[in-house]
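[1] Structure of the sequence below:
(one chain, ligands or ions: 1)
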Amino acid sequence: FAEVLKCAISDVVKKLMQKGIMATATQTIDFDTAVEIGLEFKAFVELEQEVEILDAYFNEEPEDPANLKPRPPVVVVMGHVDHGKTSLLDAIRKTNIQAGEQGGITQHIGASVVKINGKSITFLDTPGHEAFTAMRLRGAMATDIAILVVAADDGVMPQTIEAINHAKAAGVQIIIAINKIDKEGANPERVKQELIEHGLVAEDWGGDTICVPVSAMTREGIDNLLEMVLLVAEVEAYTANPKKPARGTIVEAKLDKGKGPVATVLIQKGTLRVGDPIIAGTSCGRVRAMIDDKGRPLKEAGPSTPVEIQGIDEVPVAGDAFFVARSDKEARTIADKIKAQGRVKLIQNTPQKVTLDDLFSQIKEGEMKELKLIVKADVQGSVEAVRSSLVKLSNDEVAVNIIHGGVGAINESDVMLASASNAIIIGFNVRPEAMATQKADNENVDIRLYKVIYNAIEDMEAAMKGMLEPIF
Ligand code: GDP
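    The predicted structure follows:
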């Protein structure tokens, strides 16, 4: 036990004695005592058998390519406030009603499936990058494509830039919907021009970013936009294995008066069936009934399908993982375990957060080759000055990458982006908002505030020196 704890046998014996247990180096101690003593050494003791069950769920075997089948793309809509995200989603959802494909009354379950040219596209109904990054933060990489809405009469705005950087950090495909083209003063070309500054060059400007002019109001261009989504999906060839127990992400959950706790789950792999024992976040149960986004009851559902399920014992949290267990008992055991650990296992694959103070040790342990930063300042001039000075600190061993820069206080969105991307936030003559500070504490995100640019560069340089690999 001492060996595992990486401490001296005498220290363990001493702790045992303090608890009134007289033990020698070869004696066996029971599990509860081991947990207690482990805590004294800041170690979390778990039963091996349970660890094995959990590992089987969280560290999946790599998929055999032969089992992978095409699946519909999962799309999220992002963009600046009032640029038309909600209107666009509404217009998109009406596509099927107009095409007479509706098979029931649209239910608001948190995600919807739209059919075009006989192919399906799954849309997450919550617009905005906060929801998107909140999911990513919990380890759920549920989306493939981000539709970035930019109003043609307003152009690229601060939250447009935020959304671009959130989508880029997540590595999802970006399709631009230039909205409100029906409006007087709409200038799609200006939008394309402004996007170039953010690394998105429209196809007709010689780049590879798909830009579709649309009007959520008149519905002009909506079909074209959906066809572009299918085109990207075809190129990217999204696949999943439908022939295994289902797993995926909770999209929405609530307590329904009649049905009890219900959750909308987005199936990412496998097939979910009525009767399956299931773990959803910290809740568990058996799938009693399933409906799709049109309110139709289903017996089974495959990858990229959002379904509302009944039969779990508690309301889970959006962004949590769900998966099918082998038995009711196992579902219960795992749910209890996850609950006890406060979701630790769910996010165990997220690397340790980077901080300026322990950069050096993190580098030595791992393989950090990139220092990601988010820069917020009071004026645009400072953002640019800091950006160019810091990027210049890059060298052959370590690249400094400013994943987001902007004017204004450090907000929750910045902290979420930093957390999901493992970045450090640097503020110049700005302060974090109260909610951002709280979130940064929860997420262990390092925020550094400066008044003088030189001091920031000095700090970074010092940290970077530690980042350099020793040269022999
Ligand atoms: P969100 O904040 O991004 O979700 O934006 P909304 O969908 O709420 O739209 C903001 C405002 O823009 C609303 O008053 C909409 O009616 C209006 N709007 C959205 N799309 C269009 C459009 O294509 N044309 C026009 N003229 N107005 C639009």
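
[2] List of residues touching stretch 274-288?
    245-246, 250, 253, 261, 263, 265, 272-273, 289-290, 298-300, 309-317, 320-328, 330-332, 334-335, 338-339, 343 (CB atoms under 8 Å, 6 or more residues apart in numbering). For glycine as for every other residue, the C-beta is placed from the backbone atoms N, C-alpha and C.

[3] Next, count neighbours for the residue of the stretch 301-450 of the chain found nearest the ligand.
    Relative to the ligand, the nearest point of the stretch 301-450 of the chain is residue 413 (14.9 Å; CB to the nearest ligand atom). Around residue 413 there are 24 other residues, counting by other CB atoms under 10 Å.

[4] what's it in contact with, if anything?
    Taking CB under 8 Å, 6+ apart, one finds 129, 130, 133, 162, 166 in contact with residue 413.

[5] So which of the residues you listed sits lowest on pLDDT?
    Note: of the contacts of residue 413, the lowest pLDDT belongs to residue 130, at 73.

[6] Can you say which helix or strand has that residue in it?
    Using DSSP states H and E, residue 130 sits within helix 129-137.

[7] distance between the helix or strand hosting residue 191 and the chain's centre?
    Using DSSP H and E, residue 191 maps to helix 188-196. Averaging C-alpha positions (CA atoms, centre = their mean, to the nearest Å) puts helix 188-196 28 Å from its chain's average.

[8] can I have the helix or strand hosting the residue of the stretch 301-450 of the chain closest to the ligand written out in PDB, keeping just the CAs?
    Residue 413 is part of helix 412-421, with elements assigned from DSSP H and E. Extracted in PDB, the C-alpha atoms of helix 412-421 (Å, rounded to 0.1, in the frame of the first residue of the first chain):
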ATOM      1  CA  GLU A 412     -18.000  33.400 -18.800                       C
ATOM      2  CA  SER A 413     -17.600  32.500 -22.500                       C
ATOM      3  CA  ASP A 414     -13.900  33.300 -22.300                       C
ATOM      4  CA  VAL A 415     -13.500  31.100 -19.200                       C
ATOM      5  CA  MET A 416     -15.400  28.200 -20.800                       C
ATOM      6  CA  LEU A 417     -13.400  28.500 -24.000                       C
ATOM      7  CA  ALA A 418     -10.200  28.500 -21.900                       C
ATOM      8  CA  SER A 419     -11.300  25.500 -19.900                       C
ATOM      9  CA  ALA A 420     -12.400  23.500 -22.900                       C
ATOM     10  CA  SER A 421      -9.200  24.300 -24.800                       C
END
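
[9] Work out which residue lies at the spatial centre of the chain.
    Computing the C-alpha centroid of the chain and ranking residues by CA atoms, centre = their mean puts residue 136 first, at 0.5 Å.

[10] Quick check: closest non-adjacent residue to that residue.
    residue 420 (4.6 Å; CB to CB, 6 or more residues apart in numbering).

[11] Let me know the pLDDT of that neighbour.
    You'll see residue 420 listed with a pLDDT of 85.

[12] Show me what from the stretch 51-200 of the chain comes close to the ligand.
    Within the stretch 51-200 of the chain, the positions near the ligand by CB under 6 Å from any ligand atom are 79, 81-87, 127, 179-180, 182-183.

[13] Among these, name the ones in strands.
    Members of those lying in strands (criterion: DSSP state E): 79, 179.

[14] top of the residues of the stretch 51-200 of the chain next to the ligand by neighbour count?
    Most neighbours among these, by other CB under 10 Å: residue 179, with 32 neighbours.

[15] check contacts around that residue.
    In this structure, residue 179 makes contact with 83, 84, 87, 88, 149, 150, 151, 152, 214, 215, 216, judged by CB under 8 Å, 6+ apart.

[16] From residue 181, how far out is the closest residue in space to it that isn't next to it in sequence?
    Distances taken as CB to CB, 6+ apart put residue 84 closest to residue 179, at 4.2 Å, once the chain neighbours are dropped. Distance, residue 84 to residue 181, using CB to CB, to the nearest Å: 11 Å.

[17] and if you look at residue 165?
    According to CB to CB, residue 165 and residue 181 sit 25 Å apart.

[18] Kindly tell me how buried the residue in the stretch 251-400 of the chain that the ligand sits nearest to is, as a neighbour count.
    Relative to the ligand, the nearest point of the stretch 251-400 of the chain is residue 252 (17.5 Å; CB to the nearest ligand atom). When neighbours are counted by other CB under 10 Å, residue 252 registers 20.

[19] Not including adjacent chain positions, what is the nearest residue to it?
    Counting by CB to CB, 6+ apart, residue 110 is the residue found nearest to residue 252 once chain neighbours are left out, at 3.1 Å.

[20] Let me see the contact set for that neighbour.
    Shown in contact with residue 110 (CB under 8 Å, 6+ apart): 124, 125, 126, 251, 252, 264, 306, 318.
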